[in-house]
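Participant: fold the following for me, if possible:
(2 chains, ligands or ions: 2)
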Amino acid sequence: MFEFIDVKFKDIIDLPALCIEKGKITTLVGTSGSGKTTILKLMNKMLSPTQGVILFNRTNLGLINSVTHRRQVTMLSQNPAMFEGNIRDNLQVGLKFQEKDIPGDNVLKGILEQVKLNKPLDSPVNNLSGGEKQRLALGRILLFNPEAYLLDEPSAALDDQTEEAIIEMVTGHVKDNNKTLVMVTHSKAIAAKYADTIIEIAGGRCSGRRGHDERDH
Amino acid sequence: MNGIIDLTVWQVALAYLFVLIVLFIVRIRNINREKEIILSSVRMTLQLILVGYILVYIFRYPNPLVTVGIILLMEAFAVYTIFKKFKAKLTRPFKNVITLSMAAGTLACLLYFLLAVVRVEPWYAPQYFIPIAGMIIGNSMTGISLGVKSLLEGMTTQKALVEEALNLGATPRAASRNIIDSTFDAAIMPTINSMIGMGIVFLPGMMTGQILAGAAPTTAIAYQIAIMLGILGAVALTVIIMLQLGYRTFFNKEDQLNDL
Ligand SMILES: Nc1ncnc2c1ncn2[C@@H]1O[C@H](COP(=O)(O)OP(=O)(O)OP(=O)(O)O)[C@@H](O)[C@H]1O
Ligand SMILES: [Mg+2]
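Facilitator: Numbers count the residues shown, from 1 in each chain, chains lettered A, B, ... in the order given. Ligands and ions are numbered 1, 2, ... in the order given. Just a heads-up that it's a prediction; the model follows:
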């Protein structure tokens, strides 16, 4: 689905060749500051390479309209920002930006259940904890129907038990709907358990790639 | 009674007593501002004397080129004042937008006001053109300044939200929507507030001037109403043009936020 060819971004990223397969779960692992977030941003066109090209489904990403692309390839940022208002507003905001139909409250409540957020839709978001905000942000992108999800440490602020449940739900959702998932994670266990491919990043370069096809379902 | 009491040089000099009083107060209160007070009083006097003589000359020999030249000079000065106020914070494209919106917005309103509302003859009559241009350009300059300030602030303090919106698939326009709306508000509110207070809290300068010059208060008021609406239109139009084009200068061709 994604193919990096001689891609550089400033002096942060240097990827002569990197391939992300369609319909698979890929995790990016690596130390802090190694360039994982930057790679995800290059993939959803929040950043553009300073050199080289990225192919998306064999088309040069530089030729694809950025806004259209971001609606196809949805990224969950590492520190998602919340908009003014309550939980309902923040679940709907992305659909409004994408000029899509707004679903009813029962659908929104279903999403909250999926992300294990047990709060009324009317509660204001500024009282939510870090982990709750992270799950709300995950919920709001699950409402889209993109080709691929790019998740930047979706479970960083969560305890082990919630983390397990959330990752289980997301990977299940991705597999059931035949989507592509690229996920940055600090957890070796999660990478080992859920990834089809693990890519190690060090100093903006790819320092290792492992297939992991014998994961249990 | 018709006409106006001419002030002699000596009568004007008597008004300088006010400056002496202020200087005296400042001295005993130990506020270190004597130099500024003297300097600004003298500057104001010299500038107005100079403008007075220039206007006498221009009114005596009306010339379309001179009228147009003065309007352009006012526009240039207004734009320069805005640039100077924000210095390095303005990018080249944003500066172009400011220039374009000032020119297009004020000229459109000015021409409409003079040619359709007041219908001056000849079209370049300087005693109408110049003061009215001054009011329209001056007020638009204030409006644009407030707008630019609010837009810059919004794009800096709400950068994370704009970025998040882009990330969620918003167009740059949708991502800046809230900032654009609140900027329009900030820029136009002073004009709206001054209309609310008009005639009650203060008598506007133009009206006062006309009444002093012997015009009937009803005529002065008719002019004042028309010019206030003209100013409102000009401020709104310049700010809208500035916003419609200006927000885009914060994004690049790939719909990413530019580094500030
Ligand atoms: N737009 C940018 N311009 C210049 N430098 C940047 C930019 N964005 C990030 N960097 C730098 O690039 C490096 C990689 O950043 P990145 O956010 O991709 O790391 P990361 O692997 O996601 O780290 P973490 O695990 O801490 O989130 C860092 O040193 C960072 O300071
Ligand atoms: Mg990161």
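Participant: quick one: distance of the helix or strand A:R88 falls within to the chain centre.
Facilitator: Per DSSP states H and E: A:R88 is located in helix A:87-97. Distance, stretch centre to chain centre, for helix A:87-97: 17 Å (Cα atoms, centre = their mean, to the nearest Å).
Participant: mind listing what the residue nearest the centre of chain A touches?
Facilitator: Centroid-nearest residue in chain A: A:L151, 1.9 Å away (criterion: Cα atoms, centre = their mean). By Cβ atoms under 8 Å, 6 or more residues apart in numbering or on different chains, the contact set of A:L151 is A:M75, A:L76, A:L138, A:V170, A:L181, A:V182, A:M183, A:V184. To be clear about C-beta, it is placed using only N, CA and C from the backbone, and glycine gets the same treatment.
Participant: give me the pLDDT for the last one.
Facilitator: Which is A:V184. With respect to pLDDT, A:V184 scores 95.
Participant: one more: the fifth one?
Facilitator: Reading off the per-residue confidence, A:L181 sits at a pLDDT of 96.
Participant: quick check: the residue of chain B found nearest ligand 2 vs ligand 1, distance?
Facilitator: Residue nearest to ligand 2 within chain B: B:N167 (13.8 Å; Cβ to the ion). Between B:N167 and ligand 1 the computed distance is 14 Å (Cβ to the nearest ligand atom, to the nearest Å).
Participant: quick one: contacts for that residue?
Facilitator: By Cβ under 8 Å, 6+ apart, B:N167 lies in contact with A:N44, A:M46, A:R70, A:M75, A:S77.
Participant: run through the neighbouring helices and strands of the helix or strand of chain B with the lowest mean pLDDT.
Facilitator: Between all helices and strands in chain B, the lowest mean by mean pLDDT, DSSP states H and E belongs to helix B:205-212, at a mean of 83. Judged by 3 or more Cβ pairs under 8 Å, 6 or more residues apart in numbering or on different chains; DSSP states H and E, the packing partners of helix B:205-212 are helix B:217-246.
Participant: buried set for the helix it packs on?
Facilitator: Judged by neighbour count using 16 or more other Cβ atoms under 10 Å in any protein chain shown, the buried positions of helix B:217-246 are B:220-221, B:223-224, B:227-228, B:230-243, B:245-246.
Participant: show me which of the residues you listed neighbour chain A.
Facilitator: Among the buried residues of helix B:217-246, no residue lies close to chain A (Cβ under 8 Å from any Cβ of the partner chain).
Participant: and the least confident helix or strand of chain B, how far out from the chain middle?
Facilitator: 19 Å.
Participant: got the CA coordinates for it in CSV?
Facilitator: Provided in CSV are the C-alpha atoms of helix B:205-212 (Å, rounded to 0.1, in the frame of the first residue of the first chain):
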residue,chain,number,x,y,z
GLY,B,205,-15.5,64.9,14.7
MET,B,206,-16.8,65.4,11.2
MET,B,207,-20.2,66.5,12.4
THR,B,208,-18.7,68.8,15.0
GLY,B,209,-16.5,70.3,12.3
GLN,B,210,-19.4,70.9,9.9
ILE,B,211,-21.5,72.5,12.6
LEU,B,212,-18.7,74.8,13.6
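Participant: quick one: residues contacting B:V118.
Facilitator: So B:V118 contacts B:Y128, B:I132, B:A226 (Cβ under 8 Å, 6+ apart).
Participant: for B:F113, see how far away the first one is.
Facilitator: Between B:Y128 and B:F113 the distance is 9 Å, computed by Cβ to Cβ, to the nearest Å.
Participant: and the two? Which one has more around it.
Facilitator: Under the neighbour definition other Cβ atoms under 10 Å in any protein chain shown, B:Y128 and B:F113 were set side by side, and B:F113 has more, 23 against 17.
Participant: please, where are all the helices along the stretch 51-200 of chain B?
Facilitator: With helices called from DSSP state H, counting those that start in this stretch, the stretch 51-200 of chain B shows them at B:64-86, B:92-111, B:126-157, B:159-167, B:172-197.
Participant: centroid-nearest residue for chain B?
Facilitator: Centroid-nearest residue in chain B: B:G138, 2.0 Å away (criterion: Cα atoms, centre = their mean).
Participant: got the contact list for that residue?
Facilitator: Taking Cβ under 8 Å, 6+ apart, one finds B:A78 in contact with B:G138.
Participant: gap between it and B:V26?
Facilitator: For B:G138 relative to B:V26 (Cβ to Cβ), the value is 29 Å.
Participant: how about the residues of chain A near ligand 2?
Facilitator: Contact residues (Cβ under 5 Å from the ion) of chain A with ligand 2: A:T37, A:Q78.
Participant: give me the average confidence score over the longest helix seen in chain A.
Facilitator: The longest helix of chain A (DSSP state H) is helix A:160-176. Helix A:160-176 shows an average pLDDT of 91 in the prediction.
Participant: the following helix or strand past that helix pairs with which strands?
Facilitator: Next helix or strand after helix A:160-176 toward the C-terminus (DSSP H and E): strand A:180-184. Paired with strand A:180-184 in the same sheet, following DSSP bridges, are strand A:25-30 (parallel), strand A:148-152 (parallel).
Participant: can you tell if the last one touches ligand 1?
Facilitator: Okay, so that is strand A:148-152. No. Figure legend: strand A:148-152 not in contact with ligand 1 (Cβ under 6 Å from any ligand atom); closest approach 7.1 Å.
Participant: dump the strands paired with strand A:180-184 to JSON lines, plus mean pLDDT.
Facilitator: Formatted as JSON lines, the strands paired with strand A:180-184 follow (pLDDT from 0 to 100):
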{"stretch": "strand A:25-30", "mean pLDDT": "94"}
{"stretch": "strand A:148-152", "mean pLDDT": "95"}
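Participant: what pLDDT does the model give residue 107?
Facilitator: Looking at chain A here, since you left the chain open. Here, the pLDDT recorded for A:V107 equals 93.
Participant: my bad, the chain I had in mind was chain B
Facilitator: 94.
Participant: do the same with A:S32
Facilitator: For A:S32, the pLDDT comes out at 92.
Participant: for chain B, give me the ranges with low pLDDT.
Facilitator: B:1-4, B:260 (pLDDT under 70).
Participant: so the helix holding A:R88 versus helix B:159-167, what angle?
Facilitator: Helix A:87-97 and helix B:159-167 are oriented at 60 degrees to each other (axes from the mean of the first three to the mean of the last three Cα atoms, to 10 degrees).
Participant: distance of B:A116 from B:A108?
Facilitator: Distance, B:A116 to B:A108, by Cβ to Cβ: 11 Å.
Participant: the two: who's more crowded?
Facilitator: B:A108 (15 against 8).
Participant: surely that one is in contact with B:T238?
Facilitator: No. If you go by Cβ atoms under 8 Å, B:A108 and B:T238 don't touch, sitting 9.2 Å apart.
Participant: so who does the nearest residue to B:P204 once chain neighbours are set aside touch?
Facilitator: The spatially closest residue to B:P204, leaving aside those adjacent along the chain, is B:Q224, at 5.6 Å (Cβ to Cβ, 6 or more residues apart in numbering or on different chains). For B:Q224, the contact set (Cβ under 8 Å, 6+ apart) comprises B:M198, B:P204, B:M206, B:M207.
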